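>>> Quick one, fold the following:
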Amino acid sequence: MYPDMVTRVLDLRHLTWSVTRQSSGTAGSFLKAYEERGGRKRYFKLSSFDAFQGITGHECVNELIADRLLTRLGIPHLSYTLIHANVQIDGADYCTWLCASDDFKEPGESKTAFDVFFQMERLTGESAFAFCGRKGWKEWAEQILLVDYLVLNRDRHGGNIEILQNRSARTVCPAPLFDHGLSLMCSCHEEEALAKFDVMEDRPVQSFLGSRSARKNLELISADFWEKLGTLREKDLDAVLEGLEEVLTETHLLKIREMLKRRWDLVESIRNS
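Now for the predicted structure:
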């Protein structure tokens, strides 16, 4: 029914999952897998997993929400598909939701974590944000700060942004935005926690391009960027959350909508001031 959702249960028990610790230090691990078809890799990611509680959280759903949001804002990004599937972890079967994405590298391209590239190329005393400006990537950096404020992404460390290089073509450019799982109400697994969550609270975030304050990071964005930025209407919010009532509770969806709406309203007030 939705091109970015597979609601029928697929059998993906053939996938082999490897553990990637959450860099934010939260409990649990992200499990990732991939398969190769026609010389191209497709990557899969589960929400948080531990051996006691199994698969919990909704990080993989957050990836799809961010994907849809960025599409409506016209920001280049990695596209995700949300899949209902049976998976097997350590010999145990689980029926869960996961997200899948295709490799964004083109033939001949290699990728480097932004923090590594920054350390190799930066000038003495240069900030990561100023570095992006010098390289001609200022708008890309501004897009990251905007999106991370809107969804309250808490994990934009230097490995969650990447640089693509093609040595034959002698090109260097930023990769599309990806990895937005630790965002929205990622810490809320119960209805009570959702009800108490303040969607406008400026919670500490990890931002390699800015500070620990997602709200304060908006001050780095230029007037030129605000002038070119589109708008986010009620019908856009409808589209961002369409079909997710099969995955999240009504309370959760209403809270996400409130968060995106109120944070966008603040963005508009900044732009118009």
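>>> so who does residue 252 touch?
58, 185, 188, 194 (CB atoms under 8 Å, 6 or more residues apart in numbering). Where C-beta positions appear, they are placed from N, C-alpha and C, glycine not excepted.
>>> ditto for residue 74
By CB under 8 Å, 6+ apart, the neighbours of residue 74 are residue 230.
>>> Looking at the contacts of residue 252, which is nearest residue 210?
In terms of CB to CB, no member of the contacts of residue 252 lies closer to residue 210 than residue 185, at 21.6 Å.
>>> List the residues that contact residue 55.
46, 47, 48, 49, 94, 96.
>>> sorry, back to before: pull out the buried members of the contacts of residue 252.
Among the contacts of residue 252, those scoring as buried are 58, 185, 188, 194 (criterion: 16 or more other CB atoms under 10 Å).
>>> first vs last residue of stretch 216-230, how far apart are they?
21 Å (CA to CA, to the nearest Å).
>>> Quickly find the element holding residue 88.
Using DSSP states H and E, the element containing residue 88 is strand 81-89.
>>> And the helices in the stretch 1-150 of the chain?
If DSSP state H, counting those that start in this stretch is used as the criterion, the helices of the stretch 1-150 of the chain fall at 59-73, 114-121, 128-135, 138-150.
>>> mind putting those helices in JSON lines, mean neighbour count included?
Converted to JSON lines, those look like this (neighbours: other CB atoms under 10 Å):
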{"stretch": "helix 59-73", "mean neighbour count": "22"}
{"stretch": "helix 114-121", "mean neighbour count": "16"}
{"stretch": "helix 128-135", "mean neighbour count": "18"}
{"stretch": "helix 138-150", "mean neighbour count": "23"}
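>>> hmm, back to that, direction included, what does the strand holding residue 88 pair up with?
Strand 81-89 has the following sheet partners, assigned by DSSP bridges: strand 5-11 (parallel), strand 92-102 (antiparallel).
>>> The shortest one vs helix 59-73, what angle?
So that's strand 5-11. 150 degrees (axes from the mean of the first three to the mean of the last three CA atoms, to 10 degrees).
>>> so what's residue 156 closest to, chain neighbours aside?
residue 207 (4.9 Å; CB to CB, 6 or more residues apart in numbering).
>>> How many residues are close by that neighbour?
25 (other CB atoms under 10 Å).
>>> list the contacts for it?
Applying CB under 8 Å, 6+ apart to residue 207 gives the contacts 145, 148, 156, 214, 217.
>>> pLDDT score assigned to it?
Looking at residue 207, its pLDDT is 97.
>>> Roughly how far does it sit from residue 176?
Distance, residue 207 to residue 176, by CB to CB, to the nearest Å: 18 Å.
>>> so where is the stretch 51-200 of the chain shaky, pLDDT-wise?
The stretch 51-200 of the chain contains no residues with pLDDT under 70.
>>> mind redoing it with 90?
51-57, 90, 106-107, 167-169, 187, 189-190 (pLDDT under 90).
>>> just to revisit the earlier point, any chance of the contacts of residue 207 in CSV, with distance to residue 223 too?
Converted to CSV, the contacts of residue 207 look like this (distance: CB to CB, whole Å):
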residue, distance to residue 223
145, 14
148, 20
156, 23
214, 20
217, 16
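>>> Closest one to residue 42 out of those, please.
The closest of these, once distances to residue 42 are taken by CB to CB, is residue 156, at 23.9 Å.
>>> Quick check: the closest one touching residue 211?
No - if you go by CB atoms under 8 Å, residue 156 and residue 211 don't touch, sitting 11.4 Å apart.
>>> Looking at the two, which one has more neighbours?
Per other CB under 10 Å, whichever of residue 156 and residue 211 has more neighbours is residue 156, with 26 against 15.
>>> Look up how far residue 193 lies from the more buried one.
23 Å.
>>> ok, now residue 251?
Residue 251 is 10 Å from residue 193, by CB to CB.
>>> Ok, residue 184 next?
In terms of CB to CB, residue 184 sits 13 Å off from residue 193.
>>> Compare these two (neighbour count), which wins?
More crowded of residue 184 and residue 193, by other CB under 10 Å: residue 184, with 26 against 11.
>>> Show the contacting residues for that one.
62, 65, 151, 152, 256, 259.
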